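1. Quick one: sequence plus predicted model below, questions after.
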Amino acid sequence: MVTSIVESQARGAIRRLRALAHQLTHVNWALADQAIVSGTNFATTVILARFLGVEEFGRFALAWLAVFFAQNLQIALIVQPMMNIGAKQKKSERAAYAGTVVLQQIVLAVASTVLVFGILTSSSLYVPQLNLAELAMPVSLLVLFFQASEFLRRYYFVFAQPRWSLVVDGVRYSGQLAMLLGGFLLMRDQMTTGVAFYIMAVASLIGAIVGAMAFQRIRFDREVFRKVTARQWRFSRWLAPTVFSLWARENLLYTVIGTTLGLAEVGIVRAAQQLVTMVNVPIQGFANVVHVRAAAAYANQGYAGLVDFIGTFVLRYKAGIACCLGLIAVFGGSLLTLVFGAEYAGHGTLVAAFAFVMALYLVRNMVSIMVQAMEATAYDFYAAAAGIVLMGVSIIPLVDAFGIAGAIMSYALYECAALAAISFGIRNRGDGT
C-alpha cells in the first residue's frame, strides 16, 4: 500500500513537472531567441569596438541613435499594441487583425526610413564635427529592413509561432556576425562604419525574406482596420511621445559627451553600457512573453490578478536579473578590458554606475508592464516626460562639472524621476478602473 502511494505521488509530481514545462515552453523559446539577438548584438559591439577603434566606434554609437529612435517608434506604434491587443483577439478575428498591423507596419517603415535619412543628412548643419551625414544611406536602409525582420519576429511570438521567431533571428544575426567578422578579418582596410551598417542592413533583409515564408494568410477589412487602428492609437498615443523621450535620453547622453568631451569618450561610455546590457537576454526575452501574459491576467482576473502575476512571477524574475547586475558591477573593470581591449581599461566605476541605472530600470519596468496591460499608457508618458525634463536641465551642468561621471548622474536622475512618476500614477489607479 505504501508503495502504491509513493508511486501515485511520483506520477503526480511528473504530471505537474510536465504541465510546468508546457507552460514555460513559450518562455523558453523567447529566451532562446533573445539569447541569439542580445548575444549577437553584444558580439557585434565587441567586433566594431575592437576593429574600428575607440573614436570611430564612438561615431558608430552616435549614428546608431537614429536606428534606436526608429526601433522604439516601431515598438510604441506597432509592437506593444500588437502584443497587448493582438493577444486578446479571437482566432476568427486574427486574419483581419493581422492585415491591419501589416499595413500599419509598411507605412511606418517607409516613414521611419525617410525621417532617419533626413535627420542624418541634415546633421551636418548642427553637428558637422561628428560627420554623420555620410552614413545617412546605410543607416536608412538598415532602418527599413530592420523593421521588417523585427515585425515578423514579434508577430510570430504574439500568434504562438515562436519557432519561426527563432528562425528569423537565427538567420539574420548569424549572417550579420559572419559577414562582419569575415569583412574585418579578410579586408580590414575596406571596412568602415558605413560598410558595417550596410552589412547589418543586408542581414536584416535576409532574415525578413526567410521569415515571410511562414507568414499565414491575412485579409484586409476596412471596418476592422478602422476599429483596430482607433484602439491601438488609444493605446499608443502616450507611448509614441514616450519614444521621443527615450531617444532624447540617449541622444542627450551621447551627443553632449561627443560635443563636449570627444568621440573617444562616446566610445568608452558605449562600451561600458553594452557590457551591462548583457542582461538584456533575460530582460528582453522575458518581454516577448510577459506583456502577453500580463494582458491576459488583467483581462481574465482584473487588477487583482495582474498584481498577483507581477508579485509571484515578474518580481522573482527581476530579482534574479538584479543579482547578475551585481556581479557585472563588481567585476566590471576587468570585464571591460578583457572584452573590449586595452583602450577601454580603467573604467570599472562607469560599468558599476550603468549597472545601478539598469537596476532602477528593472523596478520601473515592472510598473510599466502593469500600466500597459491595463492599456493605461498615459502613465508611461508621464514617467518619460518627468525623466527627460530632469535630465535635460541637469546634464550639461553636470558634464561641465564632472565629465563622464556627470553624464551618468544625469542618466540616473532620468530613471529616478521616471520611477517616481509612474509609481505615483499606478498608485492613484487603485483598483485599475
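-> On my side now, so go ahead.
2. ok now do the most centrally placed residue in the chain, which residues does it touch?
-> Centroid-nearest residue in the chain: Q284, 6.4 Å away (criterion: C-alpha atoms, centre = their mean). For Q284, the contact set (C-beta atoms under 8 Å, 6 or more residues apart in numbering) comprises 34, 37-38. No exception for glycine: its C-beta is placed from N, CA and C like everyone else's.
3. repeat for T255
-> By C-beta under 8 Å, 6+ apart, the neighbours of T255 are 62, 65, 127.
4. which of those tops the neighbour count?
-> Of all the contacts of T255, the highest neighbour tally under other C-beta atoms under 10 Å goes to L62, namely 27 neighbours.
5. Distance check, that residue against L48.
-> From L62 across to L48, the span is 13 Å (C-beta to C-beta, to the nearest Å).
6. wait, L325 sits on V357?
-> No: at 9.8 Å, L325 and V357 do not qualify as touching, with contact defined as C-beta atoms under 8 Å.
7. avg pLDDT for whichever strand or helix holds Q284?
-> Q284 is located in helix 280-309, with elements delineated by DSSP states H and E. For helix 280-309, mean pLDDT rounds to 78.
8. Buried ones in it, by neighbour count?
-> 280-298, 303, 305-307, 309 (16 or more other C-beta atoms under 10 Å).
9. for stretch 47-62, same thing?
-> Neighbour count says stretch 47-62 has 47-54, 56-62 buried, by 16+ other C-beta under 10 Å.
10. Mind checking which of those are in strands?
-> Counting by DSSP state E, these place none of their members in strands.
11. tell me, how many neighbours does V276 end up with?
-> By other C-beta under 10 Å, 24 other residues sit near V276.
12. For it, which non-adjacent residue is spatially closest?
-> Of all residues not flanking V276 in the chain, F354 sits nearest, at 4.2 Å (C-beta to C-beta, 6 or more residues apart in numbering).
13. quick one: contacts for that neighbour?
-> Neighbour list for F354: 272-273, 275-276, 408 [criterion: C-beta under 8 Å, 6+ apart].
14. Next, format these as JSON lines and append pLDDT, secondary structure and distance to Q176.
-> Formatted as JSON lines, these follow (pLDDT from 0 to 100; DSSP: H, G, I helix; E, B strand; the rest coil; distance: C-beta to C-beta, whole Å):
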{"residue": "A272", "pLDDT": "93", "secondary structure": "helix", "distance to Q176": "23"}
{"residue": "Q273", "pLDDT": "92", "secondary structure": "helix", "distance to Q176": "20"}
{"residue": "L275", "pLDDT": "90", "secondary structure": "helix", "distance to Q176": "20"}
{"residue": "V276", "pLDDT": "91", "secondary structure": "helix", "distance to Q176": "22"}
{"residue": "I408", "pLDDT": "93", "secondary structure": "helix", "distance to Q176": "29"}
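15. from the residues you listed, which would you call buried?
-> 272-273, 275-276, 408.
16. Which other helices and strands does the lengthiest helix in the chain contact?
-> Secondary structure assigned by DSSP state H gives helix 94-126 as the longest helix of the chain. If contacts are counted by 3 or more C-beta pairs under 8 Å, 6 or more residues apart in numbering; DSSP states H and E, helix 94-126 sits against helix 54-74, helix 136-158, helix 222-236.
17. in it, what counts as buried?
-> So, applying 16+ other C-beta under 10 Å, buried residues of helix 94-126: 94-101, 104-105, 108-109, 112-113, 115-117, 119-121, 123.
18. That one relative to helix 54-74, how many degrees between them?
-> If you take axes from the mean of the first three to the mean of the last three C-alpha atoms, to 10 degrees, helix 94-126 sits at 140 degrees to helix 54-74.
19. and helix 94-126, how far from the chain's centre?
-> Its chain's C-alpha centre and that of helix 94-126 lie 17 Å apart, by C-alpha atoms, centre = their mean, to the nearest Å.
20. Now do that helix against helix 136-158, angle only.
-> Going by the same axes, to 10 degrees, helix 94-126 makes 150 degrees with helix 136-158.
21. angle of helix 94-126 against helix 222-236?
-> Using the same axes, to 10 degrees: helix 94-126 against helix 222-236 is 50 degrees.
22. coming back round to it: including distance to Q232 and secondary structure, could the contacts of Q284 go into a markdown table?
-> Converted to a markdown table, these look like this (distance: C-beta to C-beta, whole Å; DSSP: H, G, I helix; E, B strand; the rest coil):
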| residue | distance to Q232 | secondary structure |
| --- | --- | --- |
| Q34 | 24 | helix |
| V37 | 24 | helix |
| S38 | 27 | helix |
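23. Going by distance to G392, which of those residues wins?
-> For the contacts of Q284, the residue nearest G392 by C-beta to C-beta is S38; the value is 29.3 Å.
24. ok, now how distant is that closest one from V367?
-> 23 Å.
25. Then I218?
-> Using C-beta to C-beta, I218 is found at 34 Å from V367.
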